[in-house]
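A.B. asks: What follows is a predicted protein model with its sequence.
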Amino acid sequence: MSQPHDEEGYSEYLYKILVVGDIGTGKTSIIKRFVHNIFSMHYKSTIGVDFALKVINWDPKTEVRLQLWDIAGQERFGSMTRVYYKEAVGAMITFDVTRMSTFDAVAKWKADIDSKVTYGPEDKPIPVVLLANKCDLGKDAFIKTANDMDKYVKDNGFIGWFETSAKENMNIEKAARFLVEHILKNDIRRNAPVSDTVTPGLGKPQPQQTTGPTCCK
């Protein structure tokens with residue numbers, strides 16, 4: 001993550017955010033909805049890692065640029081996640097409310113992140129939000145009660161959870177802003193800057209001549 005650029009009281013932040021979870025939990029759909037406000041039923045599974053950039057005018061004096069890393073569901077079993085996670089300052093873990101196995105995998109994703117990326121001199125875990133996705137399919141959902149979910153996120157070190165739907169555009173921006181607010185409030189910064197541009201497949205940002213966003217597919 002880059003240090004803030006401050007010019008006459010105006011600050012710009014660049015935050016690297018991980019979006020992880022098992023295959024088919026809707027990670028790419030969530031990012032597409034959040035960044036471009038579009039939804040499709042026909043996305044292909046992400047292979048390796050993909051990227052998108054979202055600019056948020058947080059307030060009149062603050063701009064936040066989110067570099068969203070869409071990491072393939074099978075990557076938790078590979079050796080590249082440590083490279084992909086490098087310099088991240090926050091994460092979203094997704095599960096599909098109609099597939100219990102994807103919820104069972106949440107704790108493993110959280111442990112993987114906690115073991116590979118931290119911040120500050122005390123090596124604190126980065127903040128992670130849990131997304132209970134595809135809640136538009138409520139009739140097929142297994143999801144626990146709100147009280148059970150509140151206890152789960154507290155017991156497992158999440159900063160919060162949201163029921164989301166990329167199809168219905170439900171709570172995605174709210175969840176992202178909640179995560180950014182936590183990052184800003186806790187002043188989570190890193191010495192090594194993250195580039196505005198990223199090269200898919202290399203696992204970390206690389207300098208480029210242009211500075212336009214690279215969008216996930």
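C.D. replies: Noted; the coordinates are in hand.

A.B. asks: Need the contact partners of stretch 129-139.
C.D. replies: For stretch 129-139, the surrounding residues in contact (C-beta atoms under 8 Å, 6 or more residues apart in numbering) are 21, 25-26, 30, 90-98, 106, 141, 143, 149, 152-153, 158-168, 170, 175, 178-179. All C-beta spots, glycine's among them, are computed from the backbone N, C-alpha and C.

A.B. asks: out of these, which are buried?
C.D. replies: Buried positions within these, assessed by neighbour count (16 or more other C-beta atoms under 10 Å), are 21, 25-26, 30, 90-98, 106, 141, 143, 149, 152-153, 158-167, 170, 175, 178-179.

A.B. asks: Tell me where this structure has helices.
C.D. replies: Counting by DSSP state H, the chain has these helices, from start to end: 27-36, 81-85, 100-104, 106-116, 146-155, 172-185.

A.B. asks: rank these by pLDDT, which is bottom?
C.D. replies: The weakest mean pLDDT among the helices of the chain belongs to helix 81-85, with a mean of 87.

A.B. asks: what about that one, distance to the chain center?
C.D. replies: 13 Å (C-alpha atoms, centre = their mean, to the nearest Å).

A.B. asks: helices and strands of this structure: which one bottoms out on pLDDT?
C.D. replies: Every helix and strand in the chain was compared by mean pLDDT, DSSP states H and E; the lowest is strand 2-7, with a mean of 57.

A.B. asks: coming back round to it: just name the most buried of the helices of the chain.
C.D. replies: helix 27-36 (a mean of 22; mean count of other C-beta atoms under 10 Å).

A.B. asks: which helices and strands sit right next to that helix?
C.D. replies: strand 10-21, strand 49-59, strand 62-71, strand 90-96, helix 172-185 (3 or more C-beta pairs under 8 Å, 6 or more residues apart in numbering; DSSP states H and E).

A.B. asks: if we go to 10 Å?
C.D. replies: On a contact count with 3 or more C-beta pairs under 10 Å, 6 or more residues apart in numbering; DSSP states H and E, helix 27-36 meets strand 10-21, strand 49-59, strand 62-71, strand 90-96, strand 128-133, helix 172-185.

A.B. asks: And it, how far out from the chain middle?
C.D. replies: 11 Å.
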